[in-house]
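[1] Mind looking at a prediction? Sequence and model below.
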Amino acid sequence: MKNSLRITTTCLALLLGTGAVLTSGCAGTATKESTGEYIDNSAITTKVKSAFASDEMVKGREITVESFRGTVQLSGFVNTSAEKDRAGRIAGSVEGVTDVKNNIIVKK
C-alpha cells in the first residue's frame, strides 16, 4: 500500500512539474520580438546608419546603433558634444523612430 501511494505521488509530481515547464515556455517576455518587429527594428537601424554615413559632421562608423520597438540607442565615442547632439537629432528625425537614448561618450 505504501509503495502504491509513493508511486502515485511521484507520478503526480512529475506530471505537475512537466506541465509547469511546458506552460512557462509559452509566456512571452518584454525583450523578445516577433519576426515583423525584428525586420522593422533592422530597417530603422539601417536608416539611422545611412543617415549618419551621409552626414559630414557625424562619423557613423564610430557609433553603434541598436533599435527596439522604435527606440534607438546610440553608443560609441565622438570628439565633440556637437557631434553627439547632432547624432541624436539625426536619429530622431528618421522615420519610425519614437525615442532616442543617446549614450554616446565624448572623448576627452
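    That came through, no problem.
[2] For the residue nearest to the spatial centre of the chain, give its distance to residue 46.
    With distances taken as Cα atoms, centre = their mean, the chain has residue 68 as the residue nearest its mean C-alpha position (4.5 Å). Distance from residue 68 to residue 46, counting by Cβ to Cβ, to the nearest Å: 14 Å. All C-beta spots, glycine's among them, are computed from the backbone N, C-alpha and C.
[3] Show me the helices in this protein, by range?
    Using DSSP state H, the helices of the chain run over residues 2-24, 35-53, 81-93.
[4] Is residue 84 in contact with residue 103, as I believe?
    No - checked against Cβ atoms under 8 Å, the pair residue 84 and residue 103 is beyond contact range at 9.6 Å.
[5] When these two are compared, which one has more neighbours?
    residue 84 (21 against 12; other Cβ atoms under 10 Å).
[6] Give me the helix or strand of the chain that scores worst on average pLDDT.
    Sorting the helices and strands of the chain by mean pLDDT, DSSP states H and E puts helix 2-24 at the bottom, at a mean of 56.
[7] before we move on, back to that, measure the closest residue to the residue nearest to the centre of the chain other than its chain neighbours to residue 89 for me?
    The shortest distance from residue 68 to any residue other than its chain neighbours is 5.8 Å, reached at residue 41 (Cβ to Cβ, 6 or more residues apart in numbering). Between residue 41 and residue 89 the computed distance is 20 Å (Cβ to Cβ).
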